[in-house]
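# The sequence and its predicted three-dimensional model are supplied below.
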Amino acid sequence: MNPLLPRTFFMADAEAHVMPDGRLYMVGSTDVSGSKDYCSKEYHIWSTDDPELNDWVDHGAVFRNDISDPQIPWSPGTTLYAPDMAYKDGKYYLFICGMNALEAVASADSPAGPYGDVKRIGKADKDGIDPTVLVDDDGSVYYLWGQFHLRGMKLKDNMCEAVEESYTDNILTEEEHGFHEGASIRKINGKYYIIYTDISRGKATCMSYAVSDRPLGPYKKGGVIIDNVYCDPQTWNDHGSIRYYGGRWCVFYHRSTQNGVTCRRVCAEPITVLPDGSIPEVMMTSNGAGTPINAFERVDASLACRMKGSLYITPDPITPGAEILTDCGGGNWAEAWAEYKTLDLKDGAKRFAAEACGKGSVTVMTGGGKKIGSVSFDCGKRTVKETVLSDIPSGNMTVWMLFEGRLDFISFRFIK
C-alpha cells in the first residue's frame, strides 16, 4: 500500500536494490515534516522480503552528518541529498551527495550498515548532485551524477577515484531528454536504462527513461514511466528507481504531501518492461504493489493517490501518526476531488458511509462519471453519515470522492 513506509517517516529519492541476502534494500534522502528545507542530515535504510512491499524493517540512521556527530570530517553538518548504494567484492557502498555539490562514498560490511570510512569521489565532488552507480556484469563500476546535464565515468577498484579517460559529459541533457536531475542507472536484457526526473511536461513531476547499448551513452529517450502530478497542490519534483523483485518490475517514486514540496514519501507501482524494451507509463495508485484495498473496511481518506483543488493530506490533530484530508471543497465539484485506486468492492456495495466534519458534501463517483451517492455535513466535530447508493458497484475499481463546501475528510467505507 502507498505510501510504503510509516506515516511518521518521509523518504524521497528512493534507490531500491536486491542484495546478496535476497532482501530488497531501499535508501533515500530523509525529509522532515514541517521543514521548509529539502532533506536532512541522515540516511536511513529500509529492507523487505515481502513481494507486495507492505512489510519493511527500518535499519535506522545508517549514516549521519550532524554538527555534533559529523561523519564527513571535511564538511560537518552538511545536509544530505539523494544517495545510492551498491555491492562489490564483499563490501557495501553508500554513495552520498549533499549541499554545495558534495559527493562522497562510505562503506560497510553489511547492507544495513553502519557506513563509515568516508572518501571524496574524485572529479564529481563539488561538481553536482544525485549520484547513481552501476556495477556491470564484468565488475566495472560506472558512476553518473548531475543536474540539467548528466555526467559519468568509470571508477577505479577503490570506488572513489575516476578513470580519467572515461569521463563523459552531456549523457542526458535538458534540451534533448528533458533531463532535470535524479538519474538512476539499471541494466535490463543487455541494455542500459537511465531513469531520471523529466521536466518535459512543464514541472519536474515525471520520471522517464532513456536507453543505450553502453553505460555512458549515447542514450535515446524512451518515455514517461510515472508522473506524480496531482499528488499534492505544491508538488514539484519526482525521483526514484526501478527494480525487479518478487517476480515483477516496480517503479519506486515519491509524492509530495502536507501541502509542501519538502514532505515527500516513497511509493511503488508495478511496471512492465515489454519485449521491445519499452516501459509503458503507469498511474499512481493507493494500493501500490499490494492487492486492491478492501472497500468494506475503514479506508483512511489520506490514502488518496491523486487529488485536485485546495485539499491536501495533513497530520491528524487527534490521532498521532495518522493523517486526514483537509480543506476539501471550496468550489465546483469537478475542481475538488480525491481519487482512490484501486478499491475491491467484491460482490457489490449497497450503502456508503463517510466520516467528516465541517459544512459541505461528499459525493461518490465511479467510472464513466457516474455519481452513485452523496452525504452532507454541517457539524463541528467528526460525524459518520451513510447513504443508499443508486447503483451497486462491484469488483476492483477506481472511486472518486467529489467535494463541495469546506470539510475535513477522515475516512470512508462501503457497506453490503
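Structure received.

# From now on I want contacts and neighbour counts done on CA atoms only, so please keep to that.
Fine.

# low-scoring stretches of the stretch 301-416 of the chain, by residue?
Counting by pLDDT under 70, the ranges of the stretch 301-416 of the chain that qualify are 331-334.

# ah, wrong one, I meant the chain
331-334.

# what residue is smack in the middle of it?
The centroid of the chain falls nearest to residue 254 when counting by C-alpha atoms, centre = their mean (2.0 Å).

# is that one in a bridge, and if so with what?
As for beta bridges, residue 254 partners with residue 266 under DSSP bridges.

# Contacts only, for it.
Neighbouring residues of residue 254 by C-alpha atoms under 8 Å, 6 or more residues apart in numbering: 11-14, 228, 238-240, 264-267.

# okay, these in TSV with secondary structure, distance to residue 179 and neighbour count next?
Formatted as TSV, the contacts of residue 254 follow (DSSP: H, G, I helix; E, B strand; the rest coil; distance: C-alpha to C-alpha, whole Å; neighbours: other C-alpha atoms under 10 Å):
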residue	secondary structure	distance to residue 179	neighbour count
11	strand	22	28
12	strand	18	30
13	strand	15	30
14	strand	18	31
228	coil	16	22
238	coil	12	31
239	coil	11	29
240	coil	14	25
264	strand	20	30
265	strand	22	25
266	strand	21	25
267	strand	22	27
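
# Report the separation between residue 122 and residue 155.
Going from residue 122 to residue 155 by C-alpha to C-alpha, to the nearest Å gives 9 Å.

# same question, residue 414
56 Å.

# Residue 244 too?
25 Å.

# How many neighbouring residues does the residue lying closest to residue 284 once chain neighbours are set aside have?
The spatial neighbour of residue 284 that comes closest, neighbours along the chain excluded (C-alpha to C-alpha, 6 or more residues apart in numbering), is residue 305 at 6.0 Å. Per other C-alpha atoms under 10 Å, the neighbour tally for residue 305 reads 25.

# in terms of contact, does residue 305 touch residue 231 like I think?
Yes: using C-alpha atoms under 8 Å, residue 305 is in contact with residue 231, at 6.3 Å.

# Neighbour count: residue 244 and residue 155, which is higher?
Applying other C-alpha under 10 Å to residue 244 and residue 155 shows that residue 155 carries more neighbours, namely 22 against 16.

# List the buried residues in stretch 153-171.
153-155, 159-162, 167-171 (16 or more other C-alpha atoms under 10 Å).

# meant to ask about stretch 237-252
Residues of stretch 237-252 classed as buried by neighbour count (16+ other C-alpha under 10 Å): 237-245, 249-252.

# same check, this time on stretch 216-232
For stretch 216-232, burial by neighbour count (16+ other C-alpha under 10 Å) applies to 216-217, 219-232.

# Can you get me the centre-to-centre distance for that stretch and its chain?
Taking C-alpha atoms, centre = their mean, to the nearest Å, one finds stretch 216-232 lying 13 Å from the centre of the chain it belongs to.

# Quick check: neighbours shared by residue 122 and residue 155?
What both residue 122 and residue 155 touch, as defined by C-alpha under 8 Å, 6+ apart, is the set 161-162.

# What is the nearest of the buried residues of stretch 153-171 to residue 128?
Distance to residue 128, by C-alpha to C-alpha, is smallest for residue 169 among the buried residues of stretch 153-171, at 12.3 Å.

# From residue 12, how far off is the closest one?
For residue 169, the distance to residue 12 - C-alpha to C-alpha - is 26 Å.

# Could you do residue 125 as well?
Note on residue 125: its distance to residue 12, by C-alpha to C-alpha, is 22 Å.

# what's the domain layout of the chain?
Domain segmentation of the chain under automatic domain parsing yields 10-271, 293-415.

# so can I have JSON lines of the ones you listed showing distance to residue 287?
Output for the domains of the chain, formatted as JSON lines (distance: least, C-alpha to C-alpha, whole Å):
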{"stretch": "domain 10-271", "distance to residue 287": "9"}
{"stretch": "domain 293-415", "distance to residue 287": "6"}
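
# Residue 4: which of these is closest?
Among the domains of the chain, the nearest to residue 4 by C-alpha to C-alpha is domain 10-271 (5.4 Å).

# measure that closest one end to end?
Domain 10-271: ends 23 Å apart by C-alpha to C-alpha.

# ditto for stretch 288-307
16 Å.

# repeat for stretch 63-72
This stretch, stretch 63-72, spans 10 Å end to end (C-alpha to C-alpha).

# So which bits of it are buried?
The neighbour-count check on stretch 63-72 (16+ other C-alpha under 10 Å) flags 63-66, 70-72 as buried.

# if you look at the residues you listed, which of them are in strands?
Among these, the ones falling in strands (DSSP state E) are 63-64.

# for the stretch 51-200 of the chain, what spans make up the helices?
For the stretch 51-200 of the chain, the helices defined by DSSP state H, counting those that start in this stretch cover 174-177.

# Break down it into its strands, ranges please.
All strands of the stretch 51-200 of the chain, identified by DSSP state E, counting those that start in this stretch, fall at 57-64, 84-88, 91-98, 102-108, 116-120, 132-135, 141-145, 151-155, 179-188, 191-198.

# Quick check: residue 15 vs residue 269, distance?
Separation of residue 15 from residue 269 (C-alpha to C-alpha): 14 Å.

# actually residue 326, not the one I wrote
Separation of residue 326 from residue 269 (C-alpha to C-alpha) stands at 26 Å.
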